[in-house]
Structures are given as structure tokens and as C-alpha cells.
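[1] The following block contains a protein sequence and its predicted model.
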Amino acid sequence: MKKVSVIGAGSWGTALAFVLAENGHDVLIWGRRKEQTNEINKHHSNQAYLKNCTLPESLKATSNLELAVEHAEILILAVPTKGMREIGAQLNTLLQQPKILVHVSKGIEPDSLKRITEMLAEEIRPEARKALVVLSGPSHAEEVVLRHPTTVTVASADSEAAKEIQTLFMNSYFRVYTNEDVLGVELGGALKNVIALAAGITDGLEYGDNAKAALITRGLAEITRLGVKMGASPLTFSGLAGMGDLIVTANSVHSRNWKAGNMLGKGSSLEEVTEGMGMVIEGVRTTKAAHQLAKQYEVSMPLTEALYSVLFEGHEPKEAVDWLMSRGKKKEIDEFLN
Ligand SMILES: NC(=O)C1=CN([C@@H]2O[C@H](COP(=O)(O)OP(=O)(O)OC[C@H]3O[C@@H](n4cnc5c(N)ncnc54)[C@H](O)[C@@H]3O)[C@@H](O)[C@H]2O)C=CC1
Ligand SMILES: O=C(CO)COP(=O)(O)O
């Protein structure tokens, strides 16, 4: 039995706290809002994020971050990418001794173009962290709390820490693999959201299954192209954090990124979509970051470019698809590798 705190009481933090509590660990979940942590403690539910889910009674919640940090030997960080630096800076002041820090979020910071482990390494002094670990893969919170079979991967520069986190989470419905490629796992998890948004748009335009298959396949090609140029293993992108997560996010009714794209394809504005969701849509900011990374690494990422033009340059979704389809002739495999 380990003492674990989950930082962030949204859908994913709550679902992972559910798994860890079911595995017999002593779990405390931290959320910003007292009404929400009271609801978890008194009613064993978190209705705003996970409807109709009864949480284990052993799972306790707090809105006091200091208490959550003191409680645990392992911290799971589950706040949106946008809030990760702020949380990192607070943890830096609160952490008295080194702990394993596992982040489970999927994004890249625009402008700095930093991945989450890089941001955390900048914000948290080395003496306060035993290891930085990322957990990623095809895993919608709504299905995890139904105990439906789910697989994820964990990666860390510290392979012993990765194995410890694998053991911490593994159970009959939550299967965890290890992967040594931290860069690839973080890029795969973040960049699939961009393609899932685009897939939502083609569904919103009612372009059907051929278009969706094209998006997933060519989307994976451009993610892999960038990732390999940045130094990741190409094999990671055909694994759980790459293809696996892209398939689930581009197809699932649970995906906020797919839903956002779907609404855009049906004619809503980006403002209407983000205001209406009530949950994080990581793909929007990550599209900005991916667009900048493509420029920096001189990698062709036409789907990212097309989505960027819709989100930030006022192009109509249909116009963006027409542009994609009318580009010059390409070789499929050369394009994939270079
Ligand atoms: N929902 C899911 O099924 C999965 C989500 N993820 C990733 O997990 C991360 C968190 O997503 P969700 O829990 O789904 O989001 P969510 O929108 O359901 O909840 C986010 C939570 O973080 C809090 N929050 C927002 N900004 C914050 C800040 N600056 N500081 C502290 N707390 C803040 C919100 O109040 C809310 O409680 C995202 O990067 C997402 O891509 C990964 C796998 C599955
Ligand atoms: O990453 C996820 C599933 O693996 C969740 O995706 P959404 O943020 O689009 O819901």
C-alpha cells in the first residue's frame, strides 16, 4: 500500500484516483474548489466531471495543496497543461523531500514549445523530485470508472520509477506498459489531440468514414515525421501513446477534442465551443504549439497547418479541407519518413 495524492480533480484525476483507491492505496485527491472536494468526501461523487460514478469510500479529497503534498510519497499531476507550470511552482515550495512525480496530461506549451516533463523540470528543483514520469495512452476517464479494459504506457528517464508506477496502477481492468521513450510518449499524447480535433471537423462536415480514415492515417504520419525529427522512436507512434490514443480520441463520443471539432465543423465558432465544453480542450493550444514546432523543425504538417488556419486565421473548415485535397502530388512512404 502506497500513500498517493492526485493533484487535479477533473475527469482524469478523479478516474485515476478511483483506480488507485481500488488498488488498495491510501489516496488523497486535491481540487481547487471546496464544494467539489466536499462532494467527494460526503457523497463519493464528482458529478460535474464523472456523471453517475460512485467513488470508493476510501478516497478522500482536500482543497489544501500543502496537505496533499505532505500526505503522499507519490504525486500524480492531472491538471490541464495550461495550469502545469503554476502547480509545479507551488509544489517546488511545498515539497520538503524528493517524491516521484507522475504527470498524466497531454499538451505542449505554445511559444516555449516545452513538453510537460520539461516544464516540471524547470519549475521544480532537482532535490524535490525523485523522478519525473509520464503516463499516457488511449484512456477515456468515463470508461475507466466503468472498469472497462484499458491500456496505457508509462515512461521515465528513471526506469525503476517507471516500473514502480506500472505496479502502482496495474489491475484487472487497467493494464500498464513501460516505454523508455519519454519524448515520443509525450509528443504522441499531445499531438493526437490536434488530429482528433480535425477528425471532429470532418465528422461535423459529414464527410464520412473515408475522410476519417485518411485523417487518422495521414495524421499519424505527420506526428511521426515531427517526432522522429525531434529524436523520438518511430515505434512509439505505432504504440499506445501514438496510434492507440489517436484512434480512441478521433472516434470516441467521450473525446472533448473530437466534440470540439465536430461543433466547429457544424458551424460553431471557437469561442462558442470552448465556452460550452466546461472541460479542457487541450488540442486548441497544442495546435498553436505544433504549428510552431513544424516551422522550427522544418517538418511538413499539412493537417496541423489546415487546422491552425481554421482555429486562428478565420478560414472555413470546408476551405481547409479543399486546400488539403488540392495540394501537389506526393509519395506516400517517402512523405511518411521525411
Ligand atoms: N478526461 C480524460 O479521459 C483524459 C484526460 N487526459 C488529460 O488529463 C489532463 C486533465 O484533463 P481532465 O481531467 O480531463 O480535465 P477536466 O477539464 O475534466 O478537469 C480539469 C481540472 O483541472 C482544474 N484546473 C484547471 N486549471 C487549473 C489550474 N490552473 N490549476 C489547478 N487546477 C486547474 C479544473 O478545475 C478541473 O478540476 C488533460 O491534459 C487531458 O488531456 C488524459 C487522459 C484521459
Ligand atoms: O486523452 C484522452 C483519451 O485518451 C482524452 O481525450 P479528450 O481530452 O479529447 O477527451
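    Right, received. Where do you want to start? Being a predicted model, the structure only gives us computed values, none of them experimental. Ligands and ions are numbered 1, 2, ... in the order given.
[2] Show the pLDDT at Ile333.
    Ile333 carries a pLDDT value of 83.
[3] let's have the chain start at 2 instead
    Sure, I'll start numbering at 2, so the last one becomes Ile334.
[4] show me the contacts for it.
    For Ile334, no residue meets the contact criterion (CB atoms under 8 Å, 6 or more residues apart in numbering). (Glycine included, C-beta is placed from N, CA and C.)
[5] What number of residues are in the vicinity of the closest residue to ligand 1 within the chain?
    Here the chain gets closest to ligand 1 at one residue, Gly11, 1.7 Å apart by CB to the nearest ligand atom. Using other CB atoms under 10 Å, Gly11 is surrounded by 21 other residues.
[6] Kindly provide the distance from it to ligand 2.
    10 Å (CB to the nearest ligand atom, to the nearest Å).
[7] my guess is that residue contacts Gly279, does it?
    No: if you go by CB atoms under 8 Å, Gly11 and Gly279 don't touch, sitting 10.2 Å apart.
[8] Find residues that contact each of these two.
    In contact with both Gly11 and Gly279: no residue, using CB under 8 Å, 6+ apart.
[9] ok, back up a step: chain neighbours aside, what residue packs nearest to the residue of the chain closest to ligand 1?
    Tyr50 (5.3 Å; CB to CB, 6 or more residues apart in numbering).
[10] What pLDDT is listed against that neighbour?
    For Tyr50, the model assigns a pLDDT of 96.
[11] The one 4 residues further on too?
    Model confidence at Cys54, given as pLDDT, is 97.
[12] For it, which non-adjacent residue is spatially closest?
    Using CB to CB, 6+ apart, the nearest residue to Cys54 is Val146, at 4.6 Å.
[13] Quick one: residues contacting the one you found.
    Neighbours of Val146 in contact, by CB under 8 Å, 6+ apart: Thr15, Ala16, Phe19, Leu51, Cys54.
[14] From Glu273, how far off is the residue nearest to Gly11?
    Distance, Tyr50 to Glu273, by CB to CB, to the nearest Å: 21 Å.
[15] Those two: which is more packed in?
    Neighbour comparison, Tyr50 and Glu273: the larger count goes to Tyr50, with 20 against 12 (by other CB under 10 Å).
[16] about what we covered before: looking at the contacts of Val146, which one is closest to Val7?
    Thr15 (7.8 Å; CB to CB).
[17] List the contacts of the closest one.
    With contact set as CB under 8 Å, 6+ apart, Thr15 has these partners: Val7, Ile30, Ile41, Asn47, Tyr50, Leu51, Cys54, Leu56, Ala142, Val146.
[18] Are we agreed that it is in a strand?
    No: under DSSP: H, G, I helix; E, B strand; the rest coil, Thr15 falls outside any strand and is assigned helix.
[19] ok, for it, nearest residue in space, not its chain neighbours?
    Asn47 is the one closest to Thr15 (CB to CB, 6+ apart), at 4.8 Å.
[20] Get me the contact residues on the stretch 2-151 of the chain for ligand 1.
    9-14, 32-33, 50, 79-82, 84, 87-88, 105-108, 140-142 (CB under 6 Å from any ligand atom).
[21] Just the ones in helices from the residues you listed, please.
    Ser12, Trp13, Gly14, Thr82, Gly84, Glu87, Ile88, Ala142 (DSSP state H).
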